[in-house]
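Engineer: give me a 3D structure for the following:
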Amino acid sequence: MRLADIETPAVLIDRVKLEANLQGMQELAQGHGLALRPHAKTHKSVEIGRRQVELGACGLTVATIDEALVFGRHGVASITISRPVVSPEKFERLFAGLPQGVDLRVLVDSELGVEALSGPAAASGRKPGVFIKVDVGLGRCGVDPEGAGALELAQRIDGDANLEFRGILSHAGQAYAAGSRDEAADIAEAERLTMLGVRDALVDGGVDVSEVSVGSTPTVLAARSFEGITEIRPGNYAFLDLLPIGVGVVTEEQVALTVLATIISKNSRYFVTDAGSKTLTSDSGVHGMTGTQGFGAAYPEDRYLSSDHRLRVEGLSEEHGKLARTDFDLPVGSRVRIISNHSCPVANLAQELVVVEGDSIVTWPIDAAKGSRL
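Structural biologist: Numbers count the residues shown, from 1 in each chain. Have a look, this model is predicted:
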């Protein structure tokens, strides 16, 4: 297969850059004595998850029951589900389908979550590890770090014969809206201190806390200290995109995922491509935050990363992307490579990843794409 033969739009993975990103994060974790548990929702790929584990990751993080089933059935030995599950039926399906040897770790932030887990765990004969989610400023899931909820939940879990309390877990996703590396570093330090405060409160309350897990790509890359932290869970670092670039923790040269698109029309204002919101997504940030202008950065295929040829993806409809024209022309039929705002949903929307390394081109399936149900 040649790159010129690939139909567009296509999601390209630069394998050399991917490997550098995976290796770099593993070295960061090892250098600080941390366990690395990458969030696989970024790539949803068994091949990439396997590579992360081979490099030294202690396991994977996933967002859903179905992702856990995909990776567990493909040999990942330790999996954390990082979104609260409050349905016993979902846990029943998980326990029925997950291989017995998998170290399953789930999180809770409510009494209902503990109740939903305990019964199915007992019926399955499993004893999952349980983490309490702590809200460190994102305002999404998690207990109030200043309240008594964490200790009450920890004591409830610790006293349940069907469950094993492991520790506390957080996600400072608000760092994606940071305007600089220093601001992201401040958020990371606030997260760390908040988590250590919760840990100490639980220990003072008689509950052992063996793990303190944090994670987001910007905070991990910007952090000044990991003292007291045992595990990191970045996900976006594998591919990267314009969001961590905007924070100032990486550069465009490090981005492993791009979208290959064809210019199918043009006018006085725009080059129009065949990559719209069903390929690039309409994300301009994460967690409902707006972090960028436009929907991506595009370069002519033969001028990729040339600063004189950078174009902004200014508008999207479902199957069309509008690139704002500047001072150079491109013919209809020519191709561009686009760095997306947010690579995670781009991978999720695709059917496969086109992996390029020099003259070698292969395709990898997106094994846990949205809609797959096991």
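
Engineer: so in the chain, which strand runs the longest?
Structural biologist: Longest strand in the chain, counting residues (DSSP state E): strand 257-266.

Engineer: strands paired with that strand, and their directions?
Structural biologist: strand 10-14 (antiparallel), strand 270-273 (antiparallel), strand 335-340 (antiparallel) (DSSP bridges).

Engineer: show me the one of those strands that comes nearest residue 356.
Structural biologist: Comparing these against residue 356 with Cβ to Cβ, the closest turns out to be strand 10-14 (5.8 Å). Bear in mind the C-beta positions are built from the backbone N, C-alpha and C, glycine included.

Engineer: can you list the buried residues in that closest one?
Structural biologist: For strand 10-14, the neighbour count (16 or more other Cβ atoms under 10 Å) marks 10-14 as buried.

Engineer: can I get those residues in a markdown table with distance to residue 134 and pLDDT?
Structural biologist: Formatted as a markdown table, the buried residues of strand 10-14 follow (distance: Cβ to Cβ, whole Å; pLDDT from 0 to 100):
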| residue | distance to residue 134 | pLDDT |
| --- | --- | --- |
| 10 | 40 | 98 |
| 11 | 34 | 98 |
| 12 | 37 | 98 |
| 13 | 34 | 98 |
| 14 | 36 | 98 |
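
Engineer: now flag whichever of these is closest to residue 287.
Structural biologist: Nearest to residue 287 out of the buried residues of strand 10-14 is residue 11 (Cβ to Cβ; 22.6 Å).

Engineer: tell me what that closest one is bridged to.
Structural biologist: For residue 11, the beta-bridge partners are residue 259 (DSSP bridges).

Engineer: just to revisit the earlier point, just the CA trace of the longest strand of the chain, in PDB.
Structural biologist: Listed next in PDB are the C-alpha coordinates belonging to strand 257-266 (Å, rounded to 0.1, in the frame of the first residue of the first chain):
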ATOM      1  CA  LEU A 257      -2.200  11.500  14.700                       C
ATOM      2  CA  THR A 258      -3.300  13.500  11.700                       C
ATOM      3  CA  VAL A 259      -6.200  13.400   9.300                       C
ATOM      4  CA  LEU A 260      -5.400  13.000   5.600                       C
ATOM      5  CA  ALA A 261      -8.100  14.900   3.500                       C
ATOM      6  CA  THR A 262      -8.600  15.900  -0.100                       C
ATOM      7  CA  ILE A 263      -9.500  19.400  -1.300                       C
ATOM      8  CA  ILE A 264     -12.800  18.700  -3.200                       C
ATOM      9  CA  SER A 265     -13.700  22.400  -4.000                       C
ATOM     10  CA  LYS A 266     -12.500  25.900  -3.400                       C
END
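
Engineer: how far does it sit from its chain's centre?
Structural biologist: Mean C-alpha position of strand 257-266 versus that of the full chain (Cα atoms, centre = their mean, to the nearest Å) differs by 25 Å.

Engineer: which positions in that strand come out as buried?
Structural biologist: By 16+ other Cβ under 10 Å, the buried positions in strand 257-266 come out as 257-264, 266.

Engineer: and residue 182, what element?
Structural biologist: In the assignment (DSSP states H and E), residue 182 maps to helix 181-204.

Engineer: show me what that helix is packed against.
Structural biologist: With contacts taken as 3 or more Cβ pairs under 8 Å, 6 or more residues apart in numbering; DSSP states H and E, helix 181-204 sits against helix 149-158, strand 164-169, strand 211-214, helix 217-222, helix 242-247.

Engineer: of the ones you listed, which is nearest residue 53?
Structural biologist: The closest of the helices and strands packed on helix 181-204 to residue 53 is strand 211-214. By Cβ to Cβ, the value is 17.0 Å.

Engineer: just to revisit the earlier point, most tightly surrounded among the helices and strands packed on helix 181-204?
Structural biologist: helix 217-222 (a mean of 28; mean count of other Cβ atoms under 10 Å).
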